[in-house]
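1. Model the structure of this input:
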Amino acid sequence: MTRAILITGAASGIGAATCLRLAAPGVAILAHTRRNQAGLDRVADAARAAGATLVTALGDLADPSVPQALVDAAVAGFGRLDTIISNAGFADRTKTADLTDDAFARSLDAIQWGFFRLARAAIPHLGVGGRIIAVSSFVAHAFRPGVAVFPASAAAKAGMEALVKALALELAARGVTVNAVVPGFIRKDAAAHAALAPEALQAQLANIPAGRVGLPDEVAAAIAFLASADAAYITGQTLHVSGGLVI
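-> Predicted coordinates for the structure are as follows:
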């Protein structure tokens, strides 16, 4: 085994594309999703066909016990843990005045707290060459007329990015890097929930200099680079994959 990786939100979209990008002989992956077992099984089959060892796990990251359980499962199954990729999350476009306390807390619990608890659990197992990668979102950066606003999601993702910088400083001397990837508007899988209706997404194209939505594999390519040995001197950074939406 050359590398053991934990990826959350791996049943579709960016998480699934990342699994397939990293799948190779000698690579072990624990792939997580909240409840989409069928989607995760499809990803698992493709990753195994590429030569990876892959196990799956279900769990809601808003549950405080789940991040630790995922790390424990990876270490128990693989005997090591080298990389965590915190991709799981969801988008909430509810306007601030209409957000309930529970809805706001749900975004923080699943995204910001989920990342914090996952990283905290993984730290004791990460050594030289270790990687922590958080998947953030343009919603924490693009605040201007015409661009869709997601208040709860923006707060949760911005908090995640702050934690990335703090962790990068704490772990640099150990040879562990911590970075964030910031996708823009990315194409959803056909059966996946979308926060924007197709016509609303079409209207957003005018705000994207590249003139199109991104592909999950384009984000996965950035994640795979940050997870690689080539990125050993990059830490505490936010890499935008947004077609120029955030400049």
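2. use CA for all of it now, contacts and neighbours both
-> Noted.
3. Contacts only, for the nearest residue to Leu245 once chain neighbours are set aside.
-> Closest residue in space to Leu245, ignoring its immediate chain neighbours: Ile208 at 4.8 Å, by CA to CA, 6 or more residues apart in numbering. Neighbouring residues of Ile208 by CA atoms under 8 Å, 6 or more residues apart in numbering: 242-245.
4. List the residues that contact Val43.
-> Shown in contact with Val43 (CA under 8 Å, 6+ apart): 10-12, 16, 19-20.
5. Closest one of these to Gly130?
-> When those are ranked by distance to Gly130 (CA to CA), Cys19 comes first, at 17.3 Å.
6. That closest one: neighbouring residues, count only.
-> 29 (other CA atoms under 10 Å).
7. secondary structure element for it?
-> Using DSSP states H and E, Cys19 sits within helix 13-22.
8. residue closest to the middle of the protein?
-> Taking CA atoms, centre = their mean, the centroid of the chain lies closest to Asn87, which sits 1.7 Å from it.
9. I'd like the distance between that residue and Asp217.
-> Distance of Asn87 to Asp217, computed by CA to CA, to the nearest Å: 13 Å.
10. hey, what's in contact with both of these two?
-> Jointly contacting Asn87 and Asp217 under the rule CA under 8 Å, 6+ apart are Ile14.
11. List phi and psi for Val55.
-> Phi and psi for Val55, reported as degrees, to the nearest 10, are phi -120, psi 150.
12. what pairs with it across the strands?
-> Leu30 (DSSP bridges).
13. That one and Gly9: what is the separation?
-> With distances taken as CA to CA, Val55 is found 14 Å from Gly9.
14. Looking at the two, which has the bigger crowd around it?
-> Gly9 (25 against 19).
15. which SS class is that one?
-> coil (DSSP: H, G, I helix; E, B strand; the rest coil).
16. For it, give me the pLDDT.
-> Listed pLDDT for Gly9 reads 97.
17. biggest helix in the chain by residues?
-> The residue-count maximum for a helix in the chain (DSSP state H) belongs to helix 151-171.
18. Going by neighbour count, which residues in that helix are buried?
-> Counting neighbours by 16 or more other CA atoms under 10 Å, one finds that the buried residues in helix 151-171 are 151-161, 163-165, 167-168, 171.
19. got the contact list for the nearest residue to Gly89 once chain neighbours are set aside?
-> Of all residues not flanking Gly89 in the chain, Ile111 sits nearest, at 5.5 Å (CA to CA, 6+ apart). Applying CA under 8 Å, 6+ apart, we find Ile111 in contact with 61-62, 88-90, 156-157, 160.
20. Check those residues against Gly77 and report the nearest one.
-> Gly77 has its nearest neighbour among the contacts of Ile111 in Leu61, at 19.9 Å by CA to CA.
21. In this structure that closest one contacts Leu108, no?
-> No. Leu61 is not in contact with Leu108 according to CA atoms under 8 Å; the separation is 10.4 Å.
22. More neighbours: those two, which one.
-> Using other CA under 10 Å as the criterion, Leu61 and Leu108 rank with Leu61 on top: 27 against 23.
23. Confirm that that one sits in a strand.
-> No. The assignment for Leu61, made by three-state DSSP, is coil rather than a strand.
24. neighbouring contacts of stretch 102-110?
-> Taking CA under 8 Å, 6+ apart as the rule, stretch 102-110 contacts 60-63, 88-90, 92, 152-153, 155-156.
25. Got phi/psi on Pro183?
-> Taking degrees, to the nearest 10 as the convention, Pro183 sits at phi -70, psi 150.
26. just to revisit the earlier point, what's the helix holding Cys19 packed up against?
-> helix 37-49, helix 216-227 (3 or more CA pairs under 8 Å, 6 or more residues apart in numbering; DSSP states H and E).
27. then it to PDB, C-alphas only?
-> Backbone C-alpha positions of helix 13-22 (Å, rounded to 0.1, in the frame of the first residue of the first chain) are rendered in PDB as follows:
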ATOM      1  CA  GLY A  13     -20.000  14.800  -8.400                       C
ATOM      2  CA  ILE A  14     -16.600  16.100  -7.200                       C
ATOM      3  CA  GLY A  15     -16.200  13.400  -4.600                       C
ATOM      4  CA  ALA A  16     -16.800  10.600  -7.000                       C
ATOM      5  CA  ALA A  17     -14.500  12.200  -9.600                       C
ATOM      6  CA  THR A  18     -11.800  12.500  -7.000                       C
ATOM      7  CA  CYS A  19     -12.100   8.900  -6.000                       C
ATOM      8  CA  LEU A  20     -11.600   7.900  -9.700                       C
ATOM      9  CA  ARG A  21      -8.700  10.300 -10.100                       C
ATOM     10  CA  LEU A  22      -6.900   8.900  -7.200                       C
END
